[in-house]
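>>> here are the coordinates; sequence isn't available:
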Ligand SMILES: Nc1ncnc2c1ncn2[C@@H]1O[C@H](COP(=O)(O)OP(=O)(O)O)[C@@H](O)[C@H]1O
Ligand SMILES: Nc1ncnc2c1ncn2[C@@H]1O[C@H](COP(=O)(O)OP(=O)(O)O)[C@@H](O)[C@H]1O
Ligand SMILES: Nc1ncnc2c1ncn2[C@@H]1O[C@H](COP(=O)(O)OP(=O)(O)O)[C@@H](O)[C@H]1O
């Protein structure tokens, strides 16, 4: 593209003939529509990519310092693996075109359009495959990030990454195809706009199965009491939450899957505004509730509350009014404040609150779709159960197999000394003395 | 939007009829203009949203570690509250359409266009209400963030949040309407492109009033000397500054309020370039000045300098040349280096330098508009005074009322032990021993 | 732009005549093409700007805590200086229009189009100068950031900044003009799409020269052994890597330099997807290799691996298939794992691994272009040598001159006590005790 | 004099156990410091960016408790019992004589100060 | 021997006052350590993510200063006076005998080392 | 009793040298603490956001090593030799009597505990 770079100043100096390096304009409004929707996927895609950093910071901030480097490693690795697996099989498994509606046997790596695609050969009424692949890819990575948070501080690196390989390459794409791939659930009328269930609950179910098989961290539950293990860096956790909030505009807005008409871009605007309102409501509700229940607000609950609000609105960020979105998000905030301690009562050790935020709020958001009339409650419940059973059962089996074959939990001594020194041989904050 | 997701690979496999899920293209160039301007608001809006994270990190980095978790809580809460209040009353108060030009009695929550807006019903020569609301909303949040920084480390959480409710729901929208709502100042010829005065100075005035009523932190001024209380994490503070710098492109660029023509997008480009130059100049000037004055450069001043450069150019980021922008930003850098210690002489304790950066540089930027000929100096002074008097007086009253009713300052013991343990019962860095 | 802000709610309330503040639509599809490409530069530009924050966080995380504040200062300063110098001379030196192909004697500051540019006066087949300047400017800053990382923890602030002045104002623009300015290398058929050589290797060569003149940190190499000096904050380093990864979509995608046609936006999509794949491959390969070689994975190598993957694909992110991109990135990952210890064997102390990541992977990426057939191996080698010799020699001379004139290295005592207290008189983490 | 300073260095995760045991034994206070310990446990090597290095110091907790001489014997036993894992690196206990103890708040001295 | 080690644990915000008072009393140096204190002041409970926990340790500062035996009495008084708030948690002072003191720079010993 | 506690405060970058010297002299363990030192070296002023302030404390390392009385003399010399730069701030060494030493792992006491 070298020479093109020559133009601007060339122009500036009116020193050169232009023709040579001229860009072509769009040939028609059809092409403009295609360009706009593709752009939506690219911008939406990089925003959702940014969520990978959000999960990494949130989780790094909520684990104890002796496990921070490992949590960062897991997040870098899982995103990279998700990208490779989704290319290798995931994308075509999930969007197979015609298939039986349950499982597509379409194990081929993704191939993009040729360079300099001719507009005649393009899907002018949609967008480029490259942009769509880029956008979709980011969603599967989010699913895997959810799991890493819940199982932090005790799971071994490699078994976890093997689980990620299967989750991102096989499990998520197959169940995703049921709805977004045009499978049986979509025909049944299930509705999940941007993935409260398909992305977030699925991650939550996999995390729940893992937490059950793995068991709680040493000392987390002592003679009936829950022993808090405060996160080592709440500034990072807050940064992570802001990053996720930002990325969510791409997550939900991009899921409009069209930006070429007045109606579509106006819908995207509506989605942005609704998404923001739900998050705001979730955080304020968590702030007030913790103040009332515990006499002091809990920052980590406020962070979880904002995220729960976001997950809640994700199943239907378009149809509700701003007021409706506030309501939906607020319920998400209530959910975390109630279910975080509840999980502890059940001795399910979820380090970052991933299960309340992604699984439970995800279920709520999916049910809430029925209220906005975009789907029947029956279809929604069916979908929730389908994804729950499929993901939870397969995950459970997979975790048990991994446990049997190679063990999924580090030794007691390693856990006590921290995964950073034990599994990585390095610390995240080597110079700062730990308490 | 499910089925649409099916297309791309369907296409890839040429396996499906397309029609069914086809997106429509824009119907006309008018629609393209609307789409572009709406897109400007969406992209500009998420960039300005990002500034909320910037303020949070900047402030978290500049307070002492015993108050970090509380500062983070305040920033999460104030953004969420600003969003809710602006929806509830702010937006319609600020953009009331026809009104007396001073106060609109228009207390209705914001309602967006219907889903799938028909282009016939759209304001084709502007943008969607949803995108405009989303964009405007981010500005009010910025105003509130400015206050939280200046009053850090000693103000009680709830009185502060109540102030935020009034500031974002009532004060900012009313004074904003004078100019951006088409009120008396706009008719008078006052000019403030993106809000040096309307957003930044207003935040600064509210912060100044608060700082006066609240008083300095314990031990900040001892027998005539200023006792530095170094920020606990300059890496976070620098990150926050970079985030704000990035967000500012949306803040100023989006304020072009149009992207549908060659002229408009070229203006947006010009704004991006000018904004970047002003920030660069502010930071370099602060670097050199502190080296000269103090023999050693001061990183925190460099950060403040960049921000002051940004605030300075915000009142008129379009008209000046690149050279002019550098000059305007450079003066901003001088302002912080001079006025930060000056405030200390006056025993006004501004923890993060919000008043020099946002109030004083904001005034400078607003005056500088006159030089670029976009407004008369008289109109600019009138505007500066109008916003100053209105915001400062009401804030002062409000702070006094809050002080009388519930007290705005934590107890001496709580301040000494830190707000984190006292008001939240948790620490931001629980494992790291503090000095 | 005041009044325009009035519209939306005005419309909402159907209370006002519209005409007055109406935005114009694009006049033709030619204009739409111009708007889209300009938008590509603006979005790409702010993404690349974001990389400045990425470098700052990465480097702040990989230096020891006693040097963090200085590293942050250098990064803020170098970006600001790069912006000023590129405006003052760089941009017009690099894009001189017609010139002898080697050096343009075109030392004039950049001037942008007038406000409200008429479409007749615009380069409709390209984009606005403002957007192009904004975009190009970010690249030169990246080059300078590379140098700061390699020379961290021992170089004096001011000599370093003087070097940055020359690098960003003169050296980078001149050598850049050989290719992107339409100079002799472009005529020779050299190909470097987004700057593996022109940006990254150039930064690497300058860093290498500096590292040689400066020498290693005290105690880094003791009786033949390399003494690790672990980074103080791997969470920041990981955040920095994610930021760079995100920014790279703008870096490579924006370098398509056109977004106005189906072919162009589809190419941009392809670039996004390829860039992401190369990064993922680089990080996974580094993860696996360090596990195999050292029995434990090395997070810092994984971070470097992802970045090396990105640098590798930067010379040709468009032509390769997804599979090809994975391969190219994977080799980048191998390169860092092998060459990081290799440099230590040579007693070249590169604090953050900038030379392996940017120089060596950059060379690899440039050579790999030949494989994808976008250029001859001969032309590529010529380009690599031209940039290498030019940048390395001039840098070496410059470093020696600076050393002779003012000294480039802090005193032994200052280095031991840390640059933060010695040169800034402040610490990045004053409250946390260091080990 | 009849007050002793007991300095114990133990494994960090044992702190809570030891603290509780001491409390039930009537110890009303102590000073806890994070330290780095060097000893037989130290010295294994790790690799950072391809370079080997020896981890000479391991994180330890230092407990300092001042008690009446009469209690010293028993306190040492309690710490030994509760800090013990049997694995190398369990730590040490040192007992020193204190010639005077004062409670800042009241000025009380010696045993009354504890 | 005629040199004493005075160990004082005080409330962190009192450090500066105490330091100044000691300096004016002729103390030329000291060692300061951040510690966690356990005592009567400790033990209030907080809630984190819905789970109650007891805050057993409160941040304290430990000052160690070595002085000629002759000064010890006075130093203890000065610390007591300046560290006192009257509220629980003010801290303790312990005095120990030092059998030898050396200044590294010069090798001077005992009182000359201080 | 025949065991001594040697407390040395040194410049942080000297730690490794001292550690190695002590090891080769047969010292099998030590406790290392990061402290802030106040002394003749302290007191230069810096400027933060335009306000001057005195840097009263400089980072130091405190080494605590318990050795048989017979070795004490030699250990003090080794530390002095290896921690010395000749510049102000090199630090101090203090020797105290230990009335009892115990190895937690085994319960061994006194010299056997070291
Ligand atoms: N001679 C000594 N003086 C002071 N502290 C010591 C001494 N020897 C060991 N320690 C402390 O005791 C800890 C444990 O000692 P170590 O030799 O590792 O195992 P063990 O206690 O089982 O013998 C060390 O980390 C160090 O903190
Ligand atoms: N027996 C003890 N041995 C060593 N340090 C002690 C002892 N008792 C108290 N301390 C220290 O003194 C501090 C204050 O003691 P505390 O009982 O809380 O209040 P007060 O000093 O008013 O009695 C504690 O935090 C602890 O650091
Ligand atoms: N009287 C003292 N008691 C305890 N520690 C001291 C005393 N005097 C000095 N120190 C410690 O020794 C360190 C060095 O002392 P200083 O007076 O600065 O230089 P020098 O050791 O050369 O005399 C101080 O930082 C402090 O940690």
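It's in. Because the structure is a prediction, the values reported are computed rather than measured. Ligands and ions are numbered 1, 2, ... in the order given.
>>> tell me the first helix or strand C-terminal of the helix or strand containing residue A:245.
According to DSSP states H and E, residue A:245 maps onto helix A:234-253. In the C-terminal direction, the helix or strand that comes right after helix A:234-253 (DSSP H and E) is helix A:262-294.
>>> average pLDDT across that following helix?
Averaged over helix A:262-294, pLDDT sits at 98.
>>> for residue A:123, which three-state class applies?
Classification of residue A:123 by DSSP: H, G, I helix; E, B strand; the rest coil places it in coil.
>>> give me the number of residues near it?
Using other C-beta atoms under 10 Å in any protein chain shown, residue A:123 has 24 neighbouring residues. No exception for glycine: its C-beta is placed from N, CA and C like everyone else's.
>>> next one: residue A:158
The number of residues near residue A:158, taken as other C-beta under 10 Å, comes to 16.
>>> ok but it is inside a strand, no?
No: applying three-state DSSP, one finds residue A:158 to be helix, outside a strand.
>>> what helix or strand is whichever residue of chain D sits closest to ligand 3 on?
Nearest to ligand 3 in chain D, going by C-beta to the nearest ligand atom, is residue D:33, at a distance of 15.4 Å. Using DSSP H and E, residue D:33 sits within strand D:30-38.
>>> so how far is the next helix or strand after that strand from its chain's centroid?
Counting by DSSP H and E, the next helix or strand C-terminal to strand D:30-38 is strand D:45-48. The chain centroid and the centroid of strand D:45-48 are separated by 29 Å under C-alpha atoms, centre = their mean, to the nearest Å.
>>> how close does the closest residue to residue A:47 other than its chain neighbours sit to residue A:346?
Take residue A:47 and drop its neighbours on the chain: the residue closest to it by C-beta to C-beta, 6 or more residues apart in numbering or on different chains is residue A:250, 2.6 Å away. Look at residue A:250 and residue A:346: by C-beta to C-beta, to the nearest Å, they are 34 Å apart.
>>> higher neighbour count, those two?
The neighbour comparison of residue A:250 against residue A:346 (other C-beta under 10 Å) goes to residue A:250, with 27 against 11.
>>> check contacts around the closest residue to residue A:229 other than its chain neighbours.
Leaving aside its chain neighbours, residue A:229 sits nearest to residue A:64 (6.0 Å; criterion: C-beta to C-beta, 6+ apart). If you count contacts by C-beta atoms under 8 Å, 6 or more residues apart in numbering or on different chains, residue A:64 has them with A:153, A:229, A:230, A:231, A:232, A:418, B:431.
>>> quickly name whichever of those is closest to residue B:93.
Among the contacts of residue A:64, residue A:231 lies closest to residue B:93 (C-beta to C-beta), at 39.4 Å.
>>> just checking, the residue nearest to residue A:47 touches residue A:42?
No: at 9.7 Å, residue A:250 does not count as touching residue A:42 under the criterion of C-beta atoms under 8 Å.
>>> what's the closest non-adjacent residue to the closest residue to ligand 3 within the stretch 51-200 of chain A?
Taking C-beta to the nearest ligand atom, ligand 3 has its nearest neighbour within the stretch 51-200 of chain A at residue A:65, 27.3 Å off. Take residue A:65 and drop its neighbours on the chain: the residue closest to it by C-beta to C-beta, 6+ apart is residue A:232, 4.0 Å away.
>>> what does residue A:197 give?
residue A:366 (4.6 Å).
>>> what helix or strand is the one you found on?
Going by DSSP H and E, residue A:366 is in helix A:361-371.
>>> contacts only, for residue A:237.
Applying C-beta under 8 Å, 6+ apart, we find residue A:237 in contact with A:57, A:58, A:61, A:62, A:231, A:299, A:300, A:303.
>>> please name the nearest non-neighbouring residue to it.
In space, residue A:237 is closest to residue A:61, 3.1 Å off (C-beta to C-beta, 6+ apart).
>>> same question for whichever strand or helix holds that neighbour, mean pLDDT?
Using DSSP H and E, residue A:61 sits within helix A:29-62. Helix A:29-62 shows a mean pLDDT of 98.
>>> could you do stretch D:18-28 as well?
Across stretch D:18-28, the average pLDDT comes to 95.
>>> what about stretch A:266-281, near chain C?
No: against chain C, stretch A:266-281 shows no contacts by C-beta under 8 Å from any C-beta of the partner chain, the least distance being 10.8 Å.
>>> three-state assignment of residue D:8?
strand.
>>> now it: how far from residue D:36?
From residue D:8 to residue D:36 the distance is 16 Å (C-beta to C-beta).
>>> the residue of the stretch 51-200 of chain A found nearest chain F: how many residues sit nearby?
Going by C-beta to the nearest C-beta, chain F is nearest to residue A:65 of the stretch 51-200 of chain A, at 15.9 Å. Neighbourhood size, residue A:65 [other C-beta under 10 Å]: 24.
>>> again, but for residue A:361
Close neighbours of residue A:361, defined as other C-beta under 10 Å, add up to 35.
>>> residue D:45 touches residue D:55, doesn't it?
Yes: under the criterion of C-beta under 8 Å, residue D:45 makes contact with residue D:55 at 7.0 Å.
>>> which residues touch the closest residue to residue D:44 other than its chain neighbours?
The shortest distance from residue D:44 to any non-neighbouring residue, by C-beta to C-beta, 6+ apart, is to residue D:55 (5.7 Å). Listed by C-beta under 8 Å, 6+ apart, the contact set of residue D:55 reads A:421, D:42, D:43, D:44, D:45, D:46.
>>> rewinding a little: need the contacts of residue A:64 in CSV with secondary structure and distance to residue E:98, can you?
Below are the contacts of residue A:64 laid out as CSV (DSSP: H, G, I helix; E, B strand; the rest coil; distance: C-beta to C-beta, whole Å):
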residue, secondary structure, distance to residue E:98
A:153, coil, 44
A:229, coil, 41
A:230, coil, 40
A:231, coil, 43
A:232, coil, 39
A:418, coil, 38
B:431, coil, 34
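>>> got a pLDDT number for the residue most central in space within chain A?
With distances taken as C-alpha atoms, centre = their mean, residue A:142 lies nearest the centre of chain A, 2.7 Å away. Confidence at residue A:142, expressed as pLDDT, is 97.
>>> any buried residues in the strand holding residue D:33, and which?
By neighbour count with 16 or more other C-beta atoms under 10 Å in any protein chain shown, strand D:30-38 contains the buried residues D:30, D:31, D:32, D:33, D:34, D:35, D:36, D:37, D:38.
>>> let me know the closest of those to residue C:354.
Using C-beta to C-beta, residue D:36 comes nearest to residue C:354 of those, at 31.3 Å.
>>> identify the residue nearest residue 41 in space, chain neighbours excluded?
Assuming you mean chain A. Using C-beta to C-beta, 6+ apart, the closest residue to residue A:41 is residue A:131 (3.6 Å).
>>> could you do chain D instead?
In this structure, residue D:41 finds its nearest non-sequential neighbour in residue D:89, 3.2 Å apart by C-beta to C-beta, 6+ apart.
>>> next one: phi and psi at that neighbour?
Main-chain torsions, residue D:89, degrees, to the nearest 10: phi 100, psi 10.
>>> next, count neighbours for it.
18.
>>> how about the residues of chain D near chain F?
Counting by C-beta under 8 Å from any C-beta, the residues of chain D close to chain F are D:4, D:7-10, D:33, D:35-40, D:56-57, D:60, D:62, D:72, D:76, D:79-80, D:83-97.
>>> per-residue confidence at residue 15?
I went with chain A, as the question did not name one. At residue A:15, the model reports a pLDDT of 33.
>>> hmm, no, I was thinking of chain D.
95.
>>> and residue A:19, by the same measure?
35.
>>> one more: residue D:86?
You'll see residue D:86 listed with a pLDDT of 93.
>>> then it would be within a strand, right?
No: assessed with three-state DSSP, residue D:86 is coil; it does not lie in a strand.
>>> for it, give its distance to chain A.
Using C-beta to the nearest C-beta, to the nearest Å, one gets 13 Å for the distance from residue D:86 to chain A.
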